[in-house]
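Chemist: sequence and predicted structure below; questions after.
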2 protein chains.
Amino acid sequence: MSRNIQVTIIEDDDTIRSGYSFLIGNTEGYEVVSSYCSYEAAALKIANDKPDVILLDIEMPGTNGIDAIPKLKKLLPHVYILILTVYESEKLIFEALANGAAGYLTKNTASAKIIESIKEVKEGGGPMSINIAKMVIKSFQKNQESPLSKRETQILEQVCNGKSRSQIAKELFIDLETVRSHIKNIYVKLDVNSRADAIKTARENKLI
Amino acid sequence: MSRNIQVTIIEDDDTIRSGYSFLIGNTEGYEVVSSYCSYEAAALKIANDKPDVILLDIEMPGTNGIDAIPKLKKLLPHVYILILTVYESEKLIFEALANGAAGYLTKNTASAKIIESIKEVKEGGGPMSINIAKMVIKSFQKNQESPLSKRETQILEQVCNGKSRSQIAKELFIDLETVRSHIKNIYVKLDVNSRADAIKTARENKLI
DNA sequence: TAATTAATCACCCCATTGGGGTGATTTTTT
DNA sequence: AAAAAATCACCCCAATGGGGTGATTAATTA
């Protein structure tokens, strides 16, 4: 009834690539339809391979994995891309996810977990390594010890939404001068003197 | 050598509470130090229980789980809070995480996974149910079919950072009039006529 | 209870900004 | 060859933003 999960591997290291290939190819229900050592090599033929899931490395010669994601998605709009890399930098992780990666595993991940994640991603899940999940969750968390009051935080949020003083005043049913006053206090507390700097500081310190 | 993981359960449903209590209490290496049916009940005594991990429900009489998170964190700064609930709304999930929850599981989660997640959270991980992970990852993903050009997207990002036209011009080494021109085109494409509306539309459509 | 902090509003000043027009040139992509 | 993207130019003017300085009334904390 159910077809094997078709997997393509894009990874420049020969040893790792054949390792994954062997692992997946010998697992019941999985099938490696192709493997490439670069995006450029994959681009030429992958549209015919029609994989369900692509295992993608980030560090590669030529087009790197991050930039390869949108290009692969264009070639195969319904493919699920699972990043499998040694990198754990926040920037790379979020860029990969923003570009359309469906999951992110680090290379120390156990074989069983990789196999499980391929299935999970194919079923619409979002597999992540423990450490990745930690970073992702942390990125959501607000600073619990903000120097700003509730009202100030509320107003700063509106500033981040690009609202003008008068717009904020209307929405919060307070006077324009009150908004001004709050913003001035925010500037003092954050030690800034412009909207742009306030937003920057607020984001850096997760005050919003 | 290693102490049992001390767990507190806060959950208003008696049946579910004793179910979890039984499950965790009878697992090697885990210990239920206390269980409460509301935040109010917990607040009085939990500081003495000193749990490592709190299993917290969202739907509860009195203070709900979301609002209870920061309060519990104040009472026990080093506690890990694991949300265990039936709710899967994006809003609740992100609010819970923003408030400091370390993980988020839905109640259909298998017993073994719950036990594993408690350990994971105590070790600094960020356990999530598959469906939650999916939503979290989706929240990062940009719209791949933006109506905006690269330059326009770049400029809109700066607008979202609260930058003025002249600041953007300086940063991108282009003329102020060019920035103006781009912003005007962005407004036309997004069918808006102010920064605030552009930011709103951009966020709603994940163009940034 | 006393002292802070938070939240509200007021009026001064003025350079900068933002948004609406209209139009043109050059490079890149299709 | 045509379309889209990126660049720059000049018109207009109300609204905005940031800098001062200061006051009143809750609410919270010491």
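Modeler: Now that the structure is in, tell me what you want to look at.
Chemist: show me where chain A has its helices.
Modeler: A:14-25, A:39-49, A:65-75, A:90-98, A:111-122, A:130-140, A:150-160, A:165-172, A:176-190, A:195-204 (DSSP state H).
Chemist: in the last one, what counts as buried?
Modeler: Counting neighbours by 16 or more other C-beta atoms under 10 Å in any protein chain shown, one finds that the buried residues in helix A:195-204 are A:195-202. All C-beta spots, glycine's among them, are computed from the backbone N, C-alpha and C.
Chemist: turn the residues you listed into JSON lines, columns for pLDDT and distance to B:E59.
Modeler: Formatted as JSON lines, the buried residues of helix A:195-204 follow (pLDDT from 0 to 100; distance: C-beta to C-beta, whole Å):
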{"residue": "A:R195", "pLDDT": "98", "distance to B:E59": "39"}
{"residue": "A:A196", "pLDDT": "98", "distance to B:E59": "41"}
{"residue": "A:D197", "pLDDT": "98", "distance to B:E59": "41"}
{"residue": "A:A198", "pLDDT": "98", "distance to B:E59": "36"}
{"residue": "A:I199", "pLDDT": "98", "distance to B:E59": "35"}
{"residue": "A:K200", "pLDDT": "98", "distance to B:E59": "37"}
{"residue": "A:T201", "pLDDT": "97", "distance to B:E59": "36"}
{"residue": "A:A202", "pLDDT": "97", "distance to B:E59": "31"}
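Chemist: burial check on A:E123, number of neighbours?
Modeler: A total of 11 residues lie near A:E123 under the criterion other C-beta atoms under 10 Å in any protein chain shown.
Chemist: could you check the pLDDT of it?
Modeler: For A:E123, the model assigns a pLDDT of 93.
Chemist: ok, now which ones touch the nearest residue to it once chain neighbours are set aside?
Modeler: Leaving aside its sequence neighbours, A:E123 sits nearest to B:I130 (C-beta to C-beta, 6 or more residues apart in numbering or on different chains; 8.0 Å). B:I130 sits next to A:120, A:123, A:125-127 when contact means C-beta atoms under 8 Å, 6 or more residues apart in numbering or on different chains.
Chemist: gap between stretch A:37-55 and the chain center?
Modeler: Put simply, stretch A:37-55 sits 21 Å off its chain's centre (C-alpha atoms, centre = their mean, to the nearest Å).
Chemist: now that stretch: buried residues?
Modeler: Those would be A:37-39, A:41-43, A:46, A:49, A:51-55, for stretch A:37-55 by 16+ other C-beta under 10 Å.
Chemist: endpoints of it, how far apart?
Modeler: Stretch A:37-55 stretches 12 Å from its first residue to its last (C-alpha to C-alpha, to the nearest Å).
Chemist: domains in chain A, by residue range?
Modeler: A:5-140, A:150-204 (automatic domain parsing).
Chemist: quick one: end-to-end distance for the shortest one.
Modeler: Pointing back at domain A:150-204 there. So domain A:150-204: terminal residues 18 Å apart, C-alpha to C-alpha.
Chemist: and for stretch A:34-53?
Modeler: 11 Å.
Chemist: could you give the average pLDDT over that stretch?
Modeler: What stretch A:34-53 shows for mean pLDDT is 94.
Chemist: quick revisit: nearest to DNA strand D, of the buried residues of helix A:195-204?
Modeler: A:R195 (3.8 Å; C-beta to the nearest atom of the strand).
Chemist: what separation do you get for that closest one and A:E157?
Modeler: Separation of A:R195 from A:E157 (C-beta to C-beta, to the nearest Å): 13 Å.
Chemist: for the residue of chain A found nearest DNA strand D, give me its contacts.
Modeler: Ranked by C-beta to the nearest atom of the strand, the top residue of chain A for proximity to DNA strand D is A:N193, at 2.7 Å. Counting by C-beta under 8 Å, 6+ apart, A:N193 makes contact with A:Y187.
Chemist: touching, A:K200 and B:C160? I think so.
Modeler: No. Here A:K200 does not reach B:C160: they are 11.4 Å apart, not a contact under C-beta atoms under 8 Å.
Chemist: re earlier: and the residue nearest to A:E123, how close does it get to B:T106?
Modeler: Taken as C-beta to C-beta, the span from B:I130 to B:T106 is 9 Å.
Chemist: one more: A:I168?
Modeler: Distance, A:I168 to B:T106, by C-beta to C-beta: 37 Å.
Chemist: can you check A:Y87 too?
Modeler: Taking C-beta to C-beta, one finds A:Y87 at 30 Å from B:T106.
Chemist: equivalent analysis for A:I24, please.
Modeler: For A:I24, the distance to B:T106 - C-beta to C-beta - is 29 Å.
Chemist: you'd agree A:F94 is up against A:S139?
Modeler: Yes. Counting by C-beta under 8 Å, A:S139 is a contact partner of A:F94 at 7.3 Å.
Chemist: grab the nearest non-local neighbour of A:K45.
Modeler: Looking at A:K45 with C-beta to C-beta, 6+ apart, the closest residue is A:S34, at 6.8 Å.
Chemist: can you count the residues close to that neighbour?
Modeler: When counting by other C-beta under 10 Å, one arrives at 19 neighbours for A:S34.
Chemist: shaky segments in chain A?
Modeler: Filtered on pLDDT under 70, chain A yields the residue ranges A:1.
Chemist: go ahead and flag the most central residue of it.
Modeler: Among the residues of chain A, the one closest to the centroid is A:L97, at 2.5 Å (C-alpha atoms, centre = their mean).
Chemist: verify the stated contact: it with B:K134.
Modeler: No. Contact criterion C-beta under 8 Å: A:L97 and B:K134 do not qualify, at 11.6 Å.
Chemist: beta-bridge partners for the nearest residue to A:S129 once chain neighbours are set aside, please?
Modeler: Nearest residue to A:S129, sequence neighbours excluded (C-beta to C-beta, 6+ apart): A:T106, at 4.6 Å. Bridge pairing for A:T106 (DSSP bridges) gives the partners A:T85.
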